[in-house]
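Asks: how does the following fold in three dimensions:
(2 chains)
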Amino acid sequence: MESETTQSSKPKTTKVETKPKLNSKNQSYKLQAKNVDVFYDDFQAIENISLNIIEQSITAFIGPSGCGKSTFLRLFNRMNDYIDGFHMNGDIYLDNKDIYDSSINVEELRKLVGMVFQKPNPFPKSIYENVAYGLRIQGIKDEEFIENRVIESLKQATLYSEIEGKLDKQALTLSGGQQQRLCIARALAVKPSVILMDEPTSALDPISSGKIEDLIHELKKEFTIVIVTHNMQQAARVSDNTAFLYMGKLIEYGDTQKIFTNPEKDRTQNYITGRFG
Amino acid sequence: MAPQYLDSELKLLKDNVLELMFLVKNQLEKGQKALQEFDEELAHEIMANEKRVDSLELTIDRDCENLLALHNPVAVDLRFVMAAFKINSDLERIGDHANSIAKYIVDIGHKIDDKTVKAMRLEEMYDTSNKMVSNIFNAFITEDTDLARKVFRLDETLNQINREVSGSTAELIEQDVSQTKNYLYLFSIVRKLERVGDLSKNIAEELIFFIEAKVLKHKKMKSKNNNGNNSENL
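Replies: All right, here's what the predicted structure looks like:
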């Protein structure tokens, strides 16, 4: 994540220099947002949100369309930087490092914080080259290393058994669900520690969605996952913690089981029971 | 999900549970009257109504199953459906007890004399259990958890009477062995009413779970009040 551009045959992983802060359960906070405001020109999309995300957990952001959940998600790998008029106040930390600090190399940050989007977006290349892409743009030349990493990532994304022996096939010939798992494999290949998912199953059928949800559960053992979803049942099924956003504000954040059985705020209850939003 | 449609389904479920509650409440009250006056016809009416209780139970089971499968309710809606499902089962069992009591009345075959009714404390048992069912009925309509909590104290009263009546029954049998069968029938009625109290208490707990999201099941009595009576820290 530091401003370091030296290319080598093996990817560099950034060492966390300061020990992560611990919460009451002695778990590390992987991500932290502190008093964050986000503006697109004059429009305020996020209003004073502070939130901590525990390492190796799954956190769901829920809320009605336009509530700011995707904007908030994209703050964690600085994807909003590309949007005209974007500016923010407050701080976002990854492993206790301020990711908006001027010393941060954004490309390095995005190796650590991968992203999966609503629609699968494989490149018009082979399955193999899609997964190898991130490694190649890092300058890695060691083909044996790349091949091993590609296979490892495809296995992690629970896709390998379905496409073994067909890695030269065009990625676009895969089904939608397989393409999405390929995109997850592509994100995993560069060894991130956080994966952001913006409605990763909204374009998929229930079987493919189920496979992605199973995969998310598996990935939690190694990665910290933050997922935006409009599917309440999905948020309830897959996440450990849920944050409910409404009109740019964080209304309630806590244990998913509590949120979906006995939320503290009426607005949360009204939203998750489908009575507004 | 269409929230208005969900609301109408939830309202239908509530209406069906209320109908069953009202029916079961009437079954118990008719049982008291049938016993007091030895009204055999009324006892048969209770037995005939048992089919309506069973039928409504099945309807409510199906309502709950459909709501869970089709609407995936969460939060207060989920608690309501879960509570309704359990309350339904408890009400059906209260209905079973009312039906059993009606059969005992028919088997006894005559009016019980006032002295025996008093010794077996049947009026107290009936008045208390009827009040409990009445309380949960009104608490369910108004979503009044204070009223639901009053049921816990009444259940203690029933338990106390039940414990005392076992001794009285033994004494009555010793005094007149020829009436043993009838005394046992009457003692069985007392035991059935004690079970009605337990089931009413379960229903009160489910109502509190639904309304306040508090789980009271299996909570023990924690203190005694100044009069030496048990009080609930619930």
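Asks: and the helices in the stretch 151-277 of chain A?
Replies: A:160-163, A:176-189, A:206-219, A:232-238, A:256-261, A:266-272 (DSSP state H, counting those that start in this stretch).
Asks: right, I mislabeled it, should have said chain B
Replies: Assigned by DSSP state H, chain B shows helices spanning B:3-37, B:40-71, B:75-108, B:114-119, B:122-142, B:145-175, B:180-212.
Asks: I'd like the ones you listed as CSV, with mean neighbour count appended.
Replies: The way it works is simple: take the backbone N, C-alpha and C, and place the C-beta from them, glycine included. Shown next, in CSV, are the helices of chain B (neighbours: other Cβ atoms under 10 Å in any protein chain shown):
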stretch, mean neighbour count
helix B:3-37, 18
helix B:40-71, 16
helix B:75-108, 21
helix B:114-119, 13
helix B:122-142, 20
helix B:145-175, 17
helix B:180-212, 21
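Asks: isn't A:E47 right next to A:F39, touching?
Replies: No. Counting by Cβ atoms under 8 Å, A:E47 does not reach A:F39; the two are 9.9 Å apart.
Asks: show me what contacts B:T145?
Replies: Applying Cβ atoms under 8 Å, 6 or more residues apart in numbering or on different chains, we find B:T145 in contact with B:A139, B:L207, B:I208, B:I211, B:E212.
Asks: which one of those is nearest A:S28?
Replies: Sorting the contacts of B:T145 by distance to A:S28 puts B:E212 at the head of the list, at 35.3 Å, by Cβ to Cβ.
Asks: how about the nearest residue to that closest one, chain neighbours excluded?
Replies: Nearest non-adjacent residue to B:E212, counting by Cβ to Cβ, 6 or more residues apart in numbering or on different chains: B:T145, 5.8 Å away.
Asks: quick check: that neighbour vs B:A102, distance?
Replies: Applying Cβ to Cβ, to the nearest Å, the value for B:T145 to B:A102 is 32 Å.
Asks: please enumerate the strands of the stretch 101-250 of chain A.
Replies: Using DSSP state E, counting those that start in this stretch, the strands of the stretch 101-250 of chain A run over A:113-116, A:194-198, A:224-228, A:241-246, A:249-255.
Asks: partner strands of the second one, with direction?
Replies: Right, strand A:194-198. Here strand A:194-198 has these sheet partners by DSSP bridges: strand A:113-116 (parallel), strand A:224-228 (parallel).
Asks: for A:Q56, which of the ones you listed is the nearest?
Replies: From those, taking Cβ to Cβ, the stretch that ends up closest is strand A:224-228, at 5.9 Å.
Asks: before we move on, back to that, next one, pLDDT for the residue nearest to B:E212 please.
Replies: What the model reports for B:T145 is a pLDDT of 95.
Asks: interface residues of the stretch 101-250 of chain A facing chain B?
Replies: Contact residues (Cβ under 8 Å from any Cβ of the partner chain) of the stretch 101-250 of chain A with chain B: A:M232, A:Q233, A:A236.
Asks: quick check on the residues you listed: which are buried?
Replies: Those of those that meet the buried threshold are A:M232, A:A236, by 16 or more other Cβ atoms under 10 Å in any protein chain shown.
Asks: can I get the residues of the stretch 101-250 of chain A next to chain B in TSV with pLDDT and distance to B:C64?
Replies: Putting those into TSV (pLDDT from 0 to 100; distance: Cβ to Cβ, whole Å) gives the following:
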residue	pLDDT	distance to B:C64
A:M232	91	20
A:Q233	90	18
A:A236	93	19
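Asks: just name the closest of the residues of the stretch 101-250 of chain A next to chain B to chain B, please.
Replies: Distance to chain B, by Cβ to the nearest Cβ, is smallest for A:Q233 among these, at 5.4 Å.
Asks: spatially, which residue comes closest to that closest one, not counting chain neighbours?
Replies: Leaving out its chain neighbours, A:Q233 is closest to B:N72 (Cβ to Cβ, 6+ apart), at 5.4 Å.
Asks: dihedrals phi and psi, A:P200?
Replies: phi -70, psi -10 (degrees, to the nearest 10).
Asks: pass me the low-pLDDT residue ranges in chain B, would you?
Replies: Scanning chain B for pLDDT under 70 picks out the ranges B:1-3, B:220-234.
Asks: thinking again about what came up before, mind checking which of the helices of chain B is nearest A:T158?
Replies: When the helices of chain B are compared (using Cβ to Cβ), the closest one is helix B:40-71, at 28.2 Å.
Asks: how about the closest one and chain A, touching?
Replies: No. Counting by Cβ under 8 Å from any Cβ, chain A is not contacted by helix B:40-71; separation bottoms out at 8.6 Å.
Asks: the residue minimising distance to the centre of chain A bridge partners, please.
Replies: Nearest to the mean C-alpha position of chain A, by Cα atoms, centre = their mean, lies A:L196 at 0.7 Å. Beta bridges link A:L196 to A:M115, A:V226 when assigned by DSSP bridges.
Asks: test my guess that it contacts A:N77.
Replies: Yes. Applying Cβ under 8 Å, one finds A:L196 in contact with A:N77, separated by 6.1 Å.
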